[in-house]
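S.K.: sequence first, then the predicted structure, then my questions.
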Amino acid sequence: MTGIDDLPIREELKGKTPYGAPQLDVPVRLNTNENPYPLPEELVDRIAERVREAARTLNRYPDRDAVELRTELAAYLTKTAGHPVAVENLWAANGSNEILQQLLQTFGGPGRTAMGFEPSYSMHALISRGTGTGWIPGPRNEDFTIDVEAAQQAIAEHRPDVVFITSPNNPTGTAVEADTVLALYEAAQAAKPSLVVVDEAYGEFSHRASLLPLIEGRPHLVLSRTMSKAFGAAGLRLGYLAADPAVVDAVQLVRLPYHLSSVTQATALAALEHTDTLLGYVEALKAERDRLVAELRAIGHEVTESDANFVQFGRFDDAHAVWQQILDRGVLVRDNGVPGWLRVTAGTPDENDAFLEAVRDLKKERD
Ligand code: PMP
């Protein structure tokens, strides 16, 4: 049998494994930070309506510049993220993963490097590899906040072309203070200058304001967002960035023509008409997240402060064994490979009860 490594693939891909959160069929799935609430019925109807309309012109390519969608995304951010942005500040793609890929294709690439502070979202390193960009892991404190001084030193030493800051961070849930972003931005400008990407995929779940206002007067700062989490639309595949218009112009150099289908654009526009309802679910999820933190602590676990729709809990001598034991009780959580810790996504109250029951049960067994 031919294996991958028997093929003439790029040297740096040999022996590597693809991104792969297990998609297992179990009663309670709390492992990929999805929103547990299906879209409301009136939004489903509106999507059907708008897609039906789009279907009438599917013989034509979609709006290559997605102007209507970018205008509505700009209006959404202006309303919710504390800073006015316009269509020329916005760019959209198939999930924020594609946004990150386009940024790395434009600002990274062979002979260039990207840095992120680990543990963080593993795709930052994987998309770097996929685009031929070297990856440099940066440091964090014991409590998973960014060690500003060590980070500044790492940036000065390695002079990366792209710096990722994830806030709230995945898998730890840790929010990054605006002062930290500014300190790292200054360090990155002094070292290179480089592009600083703030990945705010979980921004809507944070106790703190968005970092969006920081893009003002900082043309090398990019904010990345997604409709996969707060909008409950992971299946839609819609991510977007906000930045100086020059950054939007720059990613045009690498984006595929007509990358965002008419069906995607129509669906996203329908969802944006229902932001008030969807943000209502976000409030419910934040309350459930806070309940998970409180109850896990009451059970006796260590829990990392969370500003996201998930919670990192521990500590375990063998986190993977505990992951399996929770799975044996019908609940799928995530082992992100952070030694001693597991991550659980905030689900519906019933799903969270099932998870807490499994954890209590396990704790009793061990005591
Ligand atoms: N950034 C972070 C920090 C994430 O956790 C995720 C999804 N897990 C993404 C980006 C990508 O999300 P999507 O491509 O669905 O927008």
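M.R.: Received it, and whenever you're ready, just let me know what you need. Numbers count the residues shown, from 1 in each chain.
S.K.: going forward, measure contacts between C-alpha atoms and count neighbours the same way
M.R.: Noted.
S.K.: tell me how many other residues surround the residue lying closest to residue 240 once chain neighbours are set aside.
M.R.: Once flanking residues are discounted, residue 240 sits nearest to residue 92: 4.1 Å by C-alpha to C-alpha, 6 or more residues apart in numbering. Per other C-alpha atoms under 10 Å, the neighbour tally for residue 92 reads 26.
S.K.: three-state assignment of residue 92?
M.R.: strand (DSSP: H, G, I helix; E, B strand; the rest coil).
S.K.: residue 271 too?
M.R.: Quick answer, by three-state DSSP: residue 271 is helix.
S.K.: close to the ligand: what parts of this structure are there?
M.R.: Counting by C-alpha under 6 Å from any ligand atom, the chain comes close to the ligand at 95-97, 121, 166, 170, 199, 201, 226, 228, 234, 237, 239.
S.K.: try 5 Å this time
M.R.: Contact residues (C-alpha under 5 Å from any ligand atom) of the chain with the ligand: 95-97, 201, 226, 228, 239.
S.K.: compare these and tell me which has the most neighbours.
M.R.: residue 226 leads the residues of the chain next to the ligand on contacts (other C-alpha under 10 Å) with 28 neighbours.
S.K.: against residue 272, how distant is the closest residue to that residue other than its chain neighbours?
M.R.: The shortest distance from residue 226 to any non-neighbouring residue, by C-alpha to C-alpha, 6+ apart, is to residue 239 (4.0 Å). Distance, residue 239 to residue 272, by C-alpha to C-alpha, to the nearest Å: 13 Å.
S.K.: residues in contact with the strand or helix carrying residue 196?
M.R.: Using DSSP states H and E, residue 196 falls within strand 195-199. Contact with strand 195-199 is made by 107, 161-167, 185, 188, 211, 220-225, as judged by C-alpha atoms under 8 Å, 6 or more residues apart in numbering.
S.K.: who does it pair up with?
M.R.: strand 162-166 (parallel), strand 221-226 (parallel) (DSSP bridges).
S.K.: now do that strand: distance to the chain's middle.
M.R.: Computed by C-alpha atoms, centre = their mean, to the nearest Å, the separation of strand 195-199 from the middle of its chain amounts to 12 Å.
S.K.: go on, stretch 75-93?
M.R.: The answer for stretch 75-93 is 18 Å, by C-alpha atoms, centre = their mean.
S.K.: what angle sits between the helix or strand residue 137 falls within and strand 162-166?
M.R.: Element membership for residue 137 (DSSP H and E) is strand 134-138. For strand 134-138 against strand 162-166, the angle by axes from the mean of the first three to the mean of the last three C-alpha atoms, to 10 degrees is 50 degrees.
S.K.: toward the C-terminus, what is the element adjacent to strand 134-138?
M.R.: Strand 134-138 is succeeded, C-terminally, by helix 148-158 (DSSP H and E).
S.K.: quick one: average pLDDT of that following helix?
M.R.: Across helix 148-158, the average pLDDT comes to 98.
S.K.: tell me which residues in it are buried?
M.R.: 148, 151-156 (16 or more other C-alpha atoms under 10 Å).
S.K.: how close does residue 219 sit to residue 348?
M.R.: 40 Å.
S.K.: next step: the residues of the chain next to the ligand restricted to helices.
M.R.: 95-97 (DSSP state H).
S.K.: just say helix, strand or coil for residue 116.
M.R.: Under three-state DSSP, residue 116 comes out as strand.
S.K.: pretty sure it contacts residue 136?
M.R.: Yes - counting by C-alpha atoms under 8 Å, residue 136 is a contact partner of residue 116 at 6.8 Å.
S.K.: more neighbours: which of the two?
M.R.: Neighbours per residue, other C-alpha under 10 Å: of residue 116 and residue 136, the larger number sits with residue 116, 24 against 19.
S.K.: who's in contact with the nearest residue to that one once chain neighbours are set aside?
M.R.: Spatially, and ignoring its direct neighbours in sequence, residue 116 is nearest to residue 164 (4.9 Å; C-alpha to C-alpha, 6+ apart). Residue 164 sits next to 114-117, 124, 196-199 when contact means C-alpha under 8 Å, 6+ apart.
S.K.: and residue 164, how far is that from residue 279?
M.R.: According to C-alpha to C-alpha, residue 164 and residue 279 sit 26 Å apart.
S.K.: what's the answer for residue 156, then?
M.R.: 40 Å.
S.K.: kindly report the domain assignment for this structure.
M.R.: According to automatic domain parsing, the chain comprises the domains 19-40+276-366, 53-272.
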